[in-house]
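Asker: I would like to see how this sequence folds:
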Amino acid sequence: FESSGGATALGELLAGPNPGLSEETWDALGAGRQRIHDAVGRLPVALGRWHGDWVPWNLARSGDRLWVWDWEYSGPRRPVGLDAVHWHYQRSRIAEGSDLGAALATSRIRSVQFLDSLGVGADGERVLATAHALELTLRSLDALELAAPGAQRPAAEVSTLMEWAVARAEGGSG
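Answerer: Numbering: from 1, shown residues only. Take a look at the predicted model:
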């Protein structure tokens, strides 16, 4: 897991300057990263490229073809199955209007049914929920660093996302 794209990116980010978080949140990110490493860092995980925003509104069918757009979050070395988790998260958060915690829990529950068909092993759900929360944390930090409009809302969620990632990595319910 430690060589996956999200885990690597978080390590690189933490090696650089704080993008504007409180010192308490910044320190919690570092401590959380270490706890995740201790819990799942050495687990073998099948990695591949993920789309990064695999949701109904970024897909269309035309005959026997599937058209997919919005590839800006795509990246290599992500745990196989991460797009399935994100699909259910986005449907819950955006389409159903769930808050962050409910959307994370919903995506965890709904995505489990697809993991066997993707060849994801016994620790797969735990690893995918952890990886997904890390990816969302990184997106929030990117938005803050780029001073994107509305970036303060995602920045406020960084602590919650990291707590969820740590809880899942350590086998808790998040």
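Asker: host element of the residue nearest in space to the middle of the chain?
Answerer: Residue closest to the mean C-alpha point of the chain, counted by CA atoms, centre = their mean, is His132 at 2.0 Å. Assigned by DSSP states H and E, His132 belongs to helix 124-145.
Asker: Who are the packing partners of that helix?
Answerer: In this structure, helix 124-145 makes packing contacts with helix 5-14, helix 23-40, strand 75-79, helix 82-90, helix 100-115, helix 152-156, helix 158-169, judged by 3 or more CB pairs under 8 Å, 6 or more residues apart in numbering; DSSP states H and E. C-beta coordinates here come from the backbone N, C-alpha and C atoms, glycine included.
Asker: Nearest to Arg61 among the ones you listed would be which one?
Answerer: Closest approach to Arg61 among these (CB to CB): helix 82-90, 15.8 Å.
Asker: The closest residue to Gly101 other than its chain neighbours: neighbouring residues, count only.
Answerer: Excluding the flanking residues, the one nearest Gly101 by CB to CB, 6 or more residues apart in numbering is Thr160, at 6.9 Å. The number of residues packed near Thr160 is 18, by other CB atoms under 10 Å.
Asker: So Thr160 sits against Asp99, correct?
Answerer: No. Using CB atoms under 8 Å, Thr160 makes no contact with Asp99, being 9.7 Å away.
Asker: Any regions of this protein where pLDDT drops low?
Answerer: In the predicted model, the chain carries pLDDT under 70 at residues 121-123, 150-154, 173-174.
Asker: What residue in it is the furthest from its centre?
Answerer: Distance from the C-alpha centroid of the chain peaks at Gly63, with 32.0 Å (CA atoms, centre = their mean).
Asker: Against Val55, how distant is it?
Answerer: For Gly63, the distance to Val55 equals 22 Å [CB to CB, to the nearest Å].
Asker: Gly101 now?
Answerer: Taking CB to CB, one finds Gly101 at 20 Å from Val55.
Asker: who's more crowded, the two?
Answerer: More crowded of Gly101 and Val55, by other CB under 10 Å: Val55, with 17 against 14.
Asker: Identify the residue spatially nearest to the more buried one, adjacent ones excluded.
Answerer: The shortest distance from Val55 to any non-neighbouring residue, by CB to CB, 6+ apart, is to Gln90 (4.5 Å).
Asker: Can you give me the neighbour number for the one you found?
Answerer: Gln90 has 19 nearby residues by other CB under 10 Å.
Asker: same thing with the one 3 residues further on?
Answerer: By other CB under 10 Å, 18 other residues sit near Arg93.
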